[in-house]
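Trainee: Output the structure for:
(one chain, ligands or ions: 3)
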Amino acid sequence: MKQTHNNGSIVFDYHKLQKQANLPTGFIWPNLEFAQEEHKEPLIDLQGFISGDERATAEAIEHVRGACVNHGLFQVINHGVDASLLKAASEEIDSIFKLPLERKLGIPRKTGLPQGYSGGHAERFTKNLTWNETFTFDYYENDAEPLVVDHFKSVLGQDFECSGWVYQKYCQAMWKLSGILFELLAVCLGVDRKHYKKFFEDGYSIMRLNFYPPCNNSALTLGTSPHYDPSSITILLQERVEGLEVFSNNKWQTVRPRPDALVIIIGDTFMALSNGIYKSCLHRAVVNGERERRSLAFFVTPKADKVVRPPQDLICREGTRLYPDFTWSQLLGFTQKHHRVDAATFPSFVNWLSSSKNL
Ligand SMILES: C=C1C[C@]23C[C@H]1CC[C@H]2[C@]1(C)CCC[C@@](C)(C(=O)O)[C@H]1[C@@H]3C(=O)O
Ligand SMILES: O=C(O)CCC(=O)C(=O)O
Ligand SMILES: [Fe+2]
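Mentor: Numbers count the residues shown, from 1 in each chain. Ligands and ions are numbered 1, 2, ... in the order given. Sure, this is the predicted structure:
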């Protein structure tokens, strides 16, 4: 079994690594401080907004607006996604990550794109590696073809048809929910209710499955690095094992897993679409010494070449533009070729964009 990638970095074989007394230095993150308290994000019951109940809508608007102007994270329940589908999607993760390491390393991966399998990102980076495995694929809403099923069969094999259907149904449900959330966010911002839903109609999503094995040295490493999601909004399903942390009021705070709830995270692209009124959320994932953790992140992104700019009435109301026009294709390319997504991605991207060669 190969122990190193072509770039000389180690292969993330956590069964072997767990048996070693010391963590390879590439996985060690200096000066880590762990959350000592829970974040108090709003828990929004979406049923009232979906059914048009005026009082429930007013309450949802107040809480979502407060969350988004401060730290860009809230949780939703009664979102319309079947609890059995959430359970199936969370459990199906093991069908991929319990494959033999050779099979996982053989999953095709195009450099410069997030899609495919990764162990600790050790094939891309040599330091600040993370104690996780990820499997990432695209979702395009398409009534004719079950594209996720086709993708699973082509990259994982014919015996992954059933797994493909679980994530085909899951992504369809997430896409539908994203439309509801864009309407809610538009109403909160006082723009036309359909504005953002229409903007993303021809968009797509990056679907990521995260698997975090237990780690004997969990105090020295991270499951996912501190970052802002560059996408617009992320619908995150974290199962019962806590690990998601948000940076708020100058400290890391735990986002408590809530059964049947989904975590909604504002990303850089939606921050730009709100002309900076809504804040992109700084978050990360920690690991523990005893239990496996799984999470599913559905990153909603615009059509690659669509110009990202806030609605005109928001600009007029605000008077100034906070960020320049850009496309998702430019931002994605920047994160894959020039700047690992972290806590400084978007300001670095805006600077990079403004240098003439990148206009
Ligand atoms: C556009 C993307 C890059 C990442 C996947 C999507 C949305 C989130 C990004 C990421 C998960 C943020 C943390 C760092 C990262 C490198 C990771 O841990 O996977 C990011 C993804 C990536 O660059 O592949
Ligand atoms: O696993 C988690 O809870 C967070 C993962 C995350 O932030 C991401 O995949 O972008
Ligand atoms: Fe994230």
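Trainee: And Pro100, what's its pLDDT?
Mentor: In this model, Pro100 is scored at 97, pLDDT.
Trainee: Got the phi and psi for it?
Mentor: Pro100 adopts backbone torsions of phi -60, psi 150, taken as degrees, to the nearest 10.
Trainee: okay, now it: neighbour count?
Mentor: Using other CB atoms under 10 Å, Pro100 has 9 other residues around it. Just so you know, the C-beta spots here come from the backbone N, C-alpha and C atoms, and that holds for glycine as well.
Trainee: ok, the residue lying closest to Leu273 once chain neighbours are set aside - contacts?
Mentor: Of all residues not flanking Leu273 in the chain, Pro310 sits nearest, at 5.6 Å (CB to CB, 6 or more residues apart in numbering). Contacts for Pro310 (CB atoms under 8 Å, 6 or more residues apart in numbering) come out as 272-275, 318, 321.
Trainee: Format those residues as CSV; extra columns: neighbour count, pLDDT and distance to Gln47.
Mentor: As requested, the contacts of Pro310 are arranged in CSV below (neighbours: other CB atoms under 10 Å; pLDDT from 0 to 100; distance: CB to CB, whole Å):
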residue, neighbour count, pLDDT, distance to Gln47
Ala272, 24, 98, 30
Leu273, 30, 98, 26
Ser274, 27, 98, 25
Asn275, 20, 98, 30
Glu318, 14, 88, 32
Arg321, 14, 96, 36
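Trainee: which bits of the stretch 151-300 of the chain sit near ligand 2?
Mentor: Within the stretch 151-300 of the chain, the positions near ligand 2 by CB under 6 Å from any ligand atom are 208, 210, 224, 229, 236, 238, 243-244, 283, 285, 295, 297.
Trainee: can you tell me which two in those residues are farthest apart?
Mentor: Greatest spacing in these, by CB to CB: Asp229 and Gly243 (16.1 Å).
Trainee: quick one: the residue nearest to Leu273 from ligand 2, how far?
Mentor: With distances taken as CB to the nearest ligand atom, to the nearest Å, Pro310 is found 24 Å from ligand 2.
Trainee: In three-state terms, how would that residue be classified?
Mentor: coil (DSSP: H, G, I helix; E, B strand; the rest coil).
Trainee: With Ser154 instead?
Mentor: At Ser154 the chain is in helix, as set by three-state DSSP.
Trainee: burial of it, as a residue count?
Mentor: Neighbourhood size, Ser154 [other CB under 10 Å]: 12.
Trainee: residue ranges of the helices in this protein, please?
Mentor: Assignment of helices within the chain using DSSP state H yields the ranges 14-19, 46-51, 54-70, 83-97, 101-105, 147-156, 161-189, 195-199, 268-273, 312-318, 328-337, 345-354.
Trainee: so how far is ligand 2 from Gly157?
Mentor: According to CB to the nearest ligand atom, Gly157 and ligand 2 sit 25 Å apart.
Trainee: Can you report phi and psi for that residue?
Mentor: Dihedral pair for Gly157: phi 120, psi 160, per degrees, to the nearest 10.
Trainee: Figure out how far stretch 325-345 is from the centre of its chain.
Mentor: Relative to its chain's centre, stretch 325-345 lies at 14 Å (CA atoms, centre = their mean, to the nearest Å).
Trainee: Tell me where the stretch 251-359 of the chain is predicted with low confidence.
Mentor: Under the criterion pLDDT under 70, the flagged ranges of the stretch 251-359 of the chain are 356, 358-359.
Trainee: And the residues of the stretch 151-300 of the chain next to ligand 2, which of them are buried?
Mentor: Among those, those classed as buried by 16 or more other CB atoms under 10 Å are 208, 210, 224, 229, 236, 238, 243-244, 283, 285, 295, 297.
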